[in-house]
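In: Mind looking at a prediction? Sequence and model below.
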Amino acid sequence: DTEVTQTPKHLVMGMTNKKSLKCEQHMGHRAMYWYKQKAKKPPELMFVYSYEKLSINESVPSRFSPECPNSSLLNLHLHALQPEDSALYLCASSQGGGADYGYTFGSGTRLTVV
Amino acid sequence: AQSVSQHNHHVILSEAASLELGCNYSYGGTVNLFWYVQYPGQHLQLLLKYFSGDPLVKGIKGFEAEFIKSKFSFNLRKPSVQWSDTAEYFCAATRSGAGSYQLTFGKGTKLSVIP
């Protein structure tokens, strides 16, 4: 299995909703990442988990809450989002707890906040 | 500060034309370099990567890239493009070594191939 699986593929939520994005990989990678990508822009790093511990939080608003229940799963909990949070949310993983070998990206969740 | 620059915002080519997309990086120390492709509506896929050794790296789908340390460059090339190569191309870099989590992307180059 050489994939990163993200669910759901599409999500529409209101500004008062609570929802979660899920990410799963079974490649034995020990680092997992959340990226946000706006249209026609490069991905922007949000969070890094290394060996199930939060290593990097790139000053992301608290309405985004990451969780890493185990080495294969990564969640992103969403609450009280704003319309400007609408974007493609990408999960990625890498070997050895670092980015040396490049990332494997999931297909993303396209989020629309209404 | 670490940065990756891609010179071309949008490149338009006819099928069978040769392609070269520019990428320059600004990093202290040893770097690892990558090219990713994102087809319309799809996720990022790794085209090729450079860590060390032969500076000419061959990737998937007939792409190659050359690492020129003196120029801080890692340009992507393909001798003959196809319509199916229409996509967004991102150059990316990270510092070598354990604990290097930050993969820095360039702004991307949109490639449009005209049949």
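Out: Yep, that arrived. The model shown is predicted, which means the values in this text are computed figures rather than measured ones. Residues are numbered from 1 along each chain as shown, chains lettered A, B, ... in the order given.

In: Would you mind naming the residues that bridge with the closest residue to B:Gly62 other than its chain neighbours?
Out: Leaving out its chain neighbours, the residue that sits closest to B:Gly62 by CB to CB, 6 or more residues apart in numbering or on different chains is B:Lys78, at 5.6 Å. C-betas here are computed from N, CA, C, even on glycine. Beta-bridge pairing for B:Lys78 (DSSP bridges): B:Leu19.

In: gap between the residue most central in space within chain B and chain A?
Out: Nearest to the geometric centre of chain B sits B:Trp35, at 3.3 Å (CA atoms, centre = their mean). Remark: distance between B:Trp35 and chain A (CB to the nearest CB, to the nearest Å) = 10 Å.

In: Hmm, B:Gly59 and that residue touching each other?
Out: Yes. At 6.9 Å, B:Trp35 counts as touching B:Gly59 under the criterion of CB atoms under 8 Å.

In: Mutual contacts of the two, please.
Out: Contact criterion CB atoms under 8 Å, 6 or more residues apart in numbering or on different chains; residues shared by B:Trp35 and B:Gly59: B:46-49, B:65.

In: residue ranges of the strands in chain A, please?
Out: Using DSSP state E, the strands of chain A run over A:4-7, A:10-13, A:18-25, A:31-37, A:44-50, A:53-57, A:64-70, A:73-79, A:87-94, A:104-105, A:109-113.

In: Is it possible to get those out as TSV so that each row also shows mean pLDDT, distance to chain B and mean neighbour count?
Out: Listed next are the strands of chain A as TSV, based on pLDDT from 0 to 100; distance: least, CB to the nearest CB, whole Å; neighbours: other CB atoms under 10 Å in any protein chain shown:
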stretch	mean pLDDT	distance to chain B	mean neighbour count
strand A:4-7	96	9	18
strand A:10-13	96	11	14
strand A:18-25	97	12	19
strand A:31-37	93	6	25
strand A:44-50	91	5	21
strand A:53-57	86	6	13
strand A:64-70	96	14	15
strand A:73-79	97	14	19
strand A:87-94	94	7	24
strand A:104-105	90	4	22
strand A:109-113	96	9	18
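
In: looking at those strands, which is closest to B:Leu13?
Out: Proximity to B:Leu13 (CB to CB) singles out strand A:31-37 among these, at 24.8 Å.

In: quick check: angle from that closest one to strand A:109-113?
Out: Using axes from the mean of the first three to the mean of the last three CA atoms, to 10 degrees, the direction of strand A:31-37 lies 50 degrees away from that of strand A:109-113.

In: For strand A:31-37, name the packing helices and strands.
Out: strand A:18-25, strand A:44-50, strand A:64-70, strand A:73-79, strand A:87-94 (3 or more CB pairs under 8 Å, 6 or more residues apart in numbering or on different chains; DSSP states H and E).
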